[in-house]
Structures are given as C-alpha cells and as structure tokens.
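1. sequence unknown, structure follows:
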C-alpha cells in the first residue's frame, strides 16, 4: 500500500503542476484514510468519488447526495477541491461555462486509477456476488411471466427484419453441415486442457441430433472405432457449467461460467460464422460490432462535442438475457434455432446453491454469449425507436440509423432524444440500465474503454497489478512496465520516471529504452531506442534485456487427435509452435529471461 500511496502522490503532483493546483492537503487526506481504511480507500472509495464526479458532469452540478464520505465546503468536497474549483463554481456547485478539461482529466486519473486493480475480493463480497447471480435468475423468470404476448411478437418480427438474411445463411450452413468447430484456449467444465480437448469422449444427445460426433469430433469416418469410447449424455445427465468468480475489482468480482468442452467446441463454430456475416452485412456492419471498438469510440467522441448521441451501459448484461427472447430471435430458422439450443448449457453448478436450471441464455464464458446478446439489444433498441416515431420502419429507415445506433457487447450508442424510451424498453425485457455509467446529458461520454469530454480524449491510465517487490513477481513486473509506458505515452513523464526508479533496480539495471513493438521489458521513449548490437543474421538493432517467457504445459495428443487438430486449423500457415503436439494450452505461469532481443 505504501508504494501505491506514493504513486498517487507522484501523479497528483504532476497533475497539480499541470493545472496550477496544490495537492499537499489532498495527499494528507489519502495517507490518513489509507492508514485507517486500507487498500479499500484507493480501490473503492476513490472510485466512488470518480463515478460521482462523472454524474456531476452529466447533470452540470454537484448534487448534495453525491461524494458521500468526503467533507464538503461550499458547493463541493474539500478533497481535490483545487481541481474541482476549475470545473464547478465554488459557491453553487454549478458547472462553469468553460470548465478546465485538464482538471477533469486530473480528477478522473486520481480517483479511478486503482479502480480495476487485480486483487481478490473478500469472501463476503464473493458470496454476495454469487447470491446476486441467483437473484438474477429469479428476476428473469419473473420478467418472462410478465412479458406481454404482443411485445414478444413484435420482438420476433423485428429480429427477422434486422437479421433475416444473416440468420438464413447460417441456417443453411447448419443444415448443410459446413460449419467448422474449434477449441478455445481456456478452461472447461470437464477440466480438459490443451491437446486433451481433441480426444474428448463426452457428447450430448442434443448435440448429436444437430452436430453428430462422427462428423465433428473425429478426423473422418475411417476412425469410427473411436465411437466405442464416446459417452452420449441424455439431457438429464448433461454436465452443468461451472460458475466461478474471477478478480475484477475489490468491490465486486466478475462472475463467469465455464462451459463443458463439447458445448464450447460447437459454440465456437456458430459464433465464428455469425460474427463474420454480421460484420460483413452492409446494413448491420454500421450498427453492430464484435472485433473493432473504434467505431463506438469515435461516436462517443463525436457525441461528447455535439451532444447528439447517448451512451448506455447495462449491468449484468450477459446474465439478464432471457433464453425465451433468444428462442424468439431464431424462431423463423429451425435448423439454426435447434443448433443454438443444442449448444446452450441448461444447468449451472453454483457454489453454495448446487446445480440450478438456467432461465438466462448464457453467462459470460459461452462463445455465443457476446454475439447473441448484441443481437437482442439491437432488436430492443429498434422496437423502442419505432414506438418513439409511432410507425413501422422501412428497410431504408433502418439503414439510415447506421452511425447513430451502435452496439458493442453491453456498450450501446443511441440518439440522445431516444434515451428515455430505449431505457424503458430495455428494462421491460428484464435488462438493467446502469444509469451511473450511462450518459445523455452534459459533454461527458464513455464507450468501449474510452472517455471523452467536449471532443477531448480524457481516458485514464489504470493500475492493473500492485507494484512488484522482486523480479520473481513476473506478472507484476510485466504489468508495471506496461503501466509505466502508458503513463509516458499519456504525457505523465515525471510519474513514469518515478516508476523507472522502482522498476530499474528490480531488473538489475537491464532496463533499456525500446520501441513499443519490442519484446524486451523496457522503457518506451519518444526520443528513440537503445542499440547495443546488430543481429548477426538480420542486422536488426538488438539490446540485452528481460523478455517474457512462457511455456505451455505438457499435453500429448493421440494420433487421431493430432489429425483432427490439423483438419480444424484455420489458414495455410503452419502452426506457430513446433512442439504443439506435445505442449498445448495456457501456461501455468509466465517468467522473464535475460537474453538478446530486438529493440524495435
């Protein structure tokens, strides 16, 4: 905590100099409260302060219900009062006609810097998050019972108008059996890792009806003897997803559901084809995205200046998409609908609650979660827009909303005048709009990890790991070097140089200047990079430094599994790792090794 507090001091001093503000009293407040409250002040209390500040920007004044836990003087808190005085009127708390954008950036940097540091939550907070997961299931069932038949029918018709051509194409692919499955690198509910996934011997009856094991999990039918070892699970005996928590912030963990191998395998086949066609469609490509966040970020930047668009954020977005709504989405495409249902896990093993039947479509962890939820959200948005205009949109009118409506996961962008009715429709479908992170008034906008005020990028640099105490803390060393370089690129040079004084001794003086593309753990600088020698073969400039090293765990594949792996490979290039048949999967740990490597 001492190192993080000192880091806050260095950043505050530099930002104070930028805005001509003294931060001496602010630092005393931070040290005092960290001493009494611990790390939670930096990660939770300061983050709440930053979120309240964003709300104040949106509503153009500092409300009396904001900044709880901080002493006030006049119109706003004493803490960071020097910066706040350049943004709001000291007496009334009203937003100034020309607030200092530098001060807005400084306040956000100082309050939100530690908000997403990767530390485990307390057991009580984890239990609370799991309980909310279960409560969410009850909310979905309640919402399903209360939905009107007329609204559901409108949802099905709108989804057909939006996605009909794309879904018809994927429906044909399912019928013709032309989809190619693949394995992901992550964990699975049956704990198969690496190459073991290519020798899977567990399948479900529901999958077998749509995606026969012999056509998808064997190299070809000459290897039909493999079927003798396969266990086909009936619906009641299917393996449930395994619900776990992973670090997100000290305030609350992230809930994910680990899918069985066979489910994840075929989900990937559907997801790949769906995403490809949705992003290639002339109408939909301007309104929905999965691989490129920059369109959302550009729209957020534009709307922060002209106020034409609002950015919406959904809470528990993945966990609140009802399976009943997804079934309506694919209602007119029987083969695709059956395939999506066959690859959906129906039960979840929830810690402390046992195995529960799921009403949601899928949690984060399913390969289909991201594209399907985006399609559901876009459908609901257009239902609301039609209601707002009191007419049925033509195809041309739907296309005209490209550039004004866009969905990327749970980051939604809509016309600002449509924000109330879109919010009402989303909540009518059982979703929850996070009003604290949704912005339609003022000049602050946030989308896909970027924040803007009046057309100016005020995105901050976040600490992802605590600062390391030795070079053996490889994850922390790597994260600290990355953090230092992002500070430098953001213009916080003095803070970056302070990080150098911390990181350099840990690396034994092997801390060269490198380009951003170098594999060496080094300092990025606008003034160039070090060159200690030229590569004997390629004459590329090289330096000696620490390079991230990781080796996949031992994982030997059978001959049949190796052949299947080759048939499933995408592209014409050979496998990057020559030892991929004996080692595969995510490494257990990463380390750093001192060696020569390119500095550019």
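-> Thanks, I have the structure now. Because the structure is predicted, anything quoted here is derived from the model rather than measured.
2. Quick check: mean pLDDT of the helix or strand hosting residue 505?
-> Remark: residue 505 resides in helix 493-506, with elements defined by DSSP states H and E. Mean pLDDT, helix 493-506: 93.
3. swap in stretch 543-558?
-> On average, stretch 543-558 scores 91.
4. what about that stretch, how long is it end to end?
-> One end of stretch 543-558 to the other measures 41 Å (CA to CA, to the nearest Å).
5. quick revisit: and the helix holding residue 505, what other elements does it pack with?
-> Applying 3 or more CB pairs under 8 Å, 6 or more residues apart in numbering; DSSP states H and E, we find helix 493-506 packed against helix 2-19, helix 474-489. C-beta: built from backbone N, CA, C; applies to glycine.
6. buried set for the shortest one?
-> Using 16 or more other CB atoms under 10 Å as the burial criterion, the residues of helix 474-489 that qualify are 474, 476-481, 483-488.
7. Reformat those as TSV; add pLDDT and distance to residue 154.
-> Formatted as TSV, the buried residues of helix 474-489 follow (pLDDT from 0 to 100; distance: CB to CB, whole Å):
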residue	pLDDT	distance to residue 154
474	89	54
476	91	52
477	93	55
478	93	50
479	93	48
480	94	52
481	95	53
483	96	48
484	96	53
485	96	50
486	96	46
487	96	50
488	96	52
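8. Can you check which of the helices and strands packed on helix 493-506 gets nearest to residue 248?
-> For the helices and strands packed on helix 493-506, proximity to residue 248 was assessed by CB to CB; helix 474-489 is nearest, at 15.5 Å.
9. Other residues contacting that closest one?
-> Helix 474-489 has contacts (CB atoms under 8 Å, 6 or more residues apart in numbering) with 11, 461-468, 471, 493, 495-496, 499-500, 502-503, 506-507, 516, 521-525, 546, 548, 589-592.
10. for stretch 515-531, same thing?
-> For stretch 515-531, using CB under 8 Å, 6+ apart, the contacting residues are 477-478, 481, 484-485, 488-489, 496, 500, 507, 511-514, 541-543, 545-548, 592, 597-600.
11. That stretch: end-to-end distance?
-> Counting by CA to CA, you get 11 Å between the two ends of stretch 515-531.
12. Same question for stretch 446-462.
-> End-to-end distance for stretch 446-462: 15 Å, by CA to CA.
13. now, among the buried residues of helix 474-489, which is nearest to residue 364?
-> Nearest member of the buried residues of helix 474-489 to residue 364, counting by CB to CB, is residue 479, at 22.4 Å.
14. and residue 233, what are its bridge partners?
-> Beta bridges link residue 233 to residue 204 when assigned by DSSP bridges.
15. My guess is it contacts residue 204. True?
-> Yes - Residue 233 is within contact range of residue 204, at 4.8 Å (criterion: CB atoms under 8 Å).
16. returning to that earlier point: quick one: closest of the helices and strands packed on helix 493-506 to residue 534.
-> If we rank the helices and strands packed on helix 493-506 by CB to CB, the stretch that ends up nearest is helix 474-489, at 24.4 Å.
17. just to revisit the earlier point, counting neighbours, which of the contacts of helix 474-489 end up buried?
-> For those, buried by 16+ other CB under 10 Å: 11, 461, 463-468, 471, 495-496, 499, 502-503, 506-507, 521-525, 546, 548, 591-592.
18. now stretch 317-336, how far from the chain's geometric center?
-> Relative to its parent chain, stretch 317-336 has a centroid offset of 22 Å by CA atoms, centre = their mean, to the nearest Å.
19. And the average pLDDT for that stretch is what?
-> Regarding stretch 317-336, the rounded mean pLDDT is 95.
20. Now residue 543: which helix or strand?
-> With DSSP H and E as criterion, residue 543 is part of strand 541-549.
21. List the buried residues in the longest helix along the chain.
-> Longest helix in the chain by number of residues, with DSSP state H as the criterion: helix 149-176. Of the residues in helix 149-176, 152, 154-160, 162-163, 166-167, 169-171, 173-174 count as buried by neighbour count, 16+ other CB under 10 Å.
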